[in-house]
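**Q** test case, fold it:
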Amino acid sequence: MAPLLQLVIGLTAALLLWVAPVGAILNTDSYDGNIYALYAGNGSLVPPASTLGEAMDSGRTSVVIYYLDDSAVSKRFAPVVSELQRLWGQNIELIPLTTDGLQGRPASGAKDPATYWNGSIPQVVVIGPDSRLVFDRDGQVPLSEINQAISSATGLPAPDLGDINQDGSFNEVNVEVTSN
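**A** As a prediction, this is how the structure comes out:
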């Protein structure tokens, strides 16, 4: 009986050690979960507090971020989105939207996020309080450019980026936050 018990314990230990640990990987197009919680330390960004239609109806500046949870470029851009929330707080409607639901569907008007999505990720769109498109860029858009577009749309001065480490890291993960 003892050799059988040793065999069972040995096989159990081998199986436990053989299973790879779970881990999120920044530079792969793998699904790791909510990218804002994992890579920006800010799970409160999704779901957005309001829809684009609600923001337009209330006359607020909207910043729509199109992304995918399983995209390396979206993962690297997540800290920029979190920083926008910190910088602009209640002065804008920050609306991060996954593009899964937009793919292959026709747009249905100015209040529909599909109207502004160009098929790229990440994509940043700033819509002024008058529902005018102010800014539309895709890729790793520099924080300073988004900041200036929001300032132009809101009429508020852009927050100073001087004390933000734009080449630093967040949660021990290097991120691309540029000031070019």
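**Q** what residue is smack in the middle of this protein?
**A** Most central in the chain under CA atoms, centre = their mean is Ala78, positioned 3.8 Å from the mean C-alpha point.
**Q** helix, strand or coil: sort out that residue for me.
**A** Using DSSP: H, G, I helix; E, B strand; the rest coil, the structure places Ala78 in helix.
**Q** my read: it touches Tyr36, true?
**A** Yes - Ala78 is within contact range of Tyr36, at 5.4 Å (criterion: CB atoms under 8 Å). The C-beta positions use only the backbone N, C-alpha and C, and glycine is treated the same way.
**Q** helices and strands of the protein: which one bottoms out on pLDDT?
**A** Sorting the helices and strands of the chain by mean pLDDT, DSSP states H and E puts strand 173-174 at the bottom, at a mean of 37.
**Q** what sits against Ala55?
**A** By CB atoms under 8 Å, 6 or more residues apart in numbering, Ala55 lies in contact with Thr61, Ser62, Glu93, Ile95, Ile127.
**Q** would you mind giving me the confidence score for it?
**A** Ala55 carries a pLDDT value of 96.
**Q** what's the answer for Pro159, then?
**A** As summarised for this prediction, Pro159 has a pLDDT of 89.
**Q** contacting residues for it?
**A** Here Pro159 is in contact with Leu87, Trp88, Asn147 (CB under 8 Å, 6+ apart).
**Q** for the residue nearest to the first one when sequence neighbours are not counted, helix, strand, or coil?
**A** In this structure, Leu87 finds its nearest non-sequential neighbour in Pro159, 4.5 Å apart by CB to CB, 6 or more residues apart in numbering. At Pro159, secondary structure determined by three-state DSSP is coil.
**Q** tell me how far Pro159 lies from Asn147.
**A** From Pro159 across to Asn147, the span is 7 Å (CB to CB, to the nearest Å).
**Q** give the residues shared as contacts by these two.
**A** Both Pro159 and Asn147 are contacted by Leu87, under the criterion CB under 8 Å, 6+ apart.
**Q** list the helices and strands the helix or strand where Ala149 lies packs on?
**A** Assigned by DSSP states H and E, Ala149 falls within helix 143-154. For helix 143-154, the elements it packs on are helix 72-88, strand 123-127, strand 133-138, judged by 3 or more CB pairs under 8 Å, 6 or more residues apart in numbering; DSSP states H and E.
**Q** next, the buried residues of that helix.
**A** Leu143, Ser144, Glu145, Ile146, Asn147, Ala149, Ile150, Ser151, Ala153, Thr154 (16 or more other CB atoms under 10 Å).
**Q** which residues are in contact with Glu54?
**A** Residues in contact with Glu54 (CB under 8 Å, 6+ apart) are Glu93.
**Q** mind redoing it with 10 Å?
**A** Contact criterion CB atoms under 10 Å, 6 or more residues apart in numbering gives Pro48, Arg60, Ser62, Glu93, Ile95, Lys111 as the residues in contact with Glu54.
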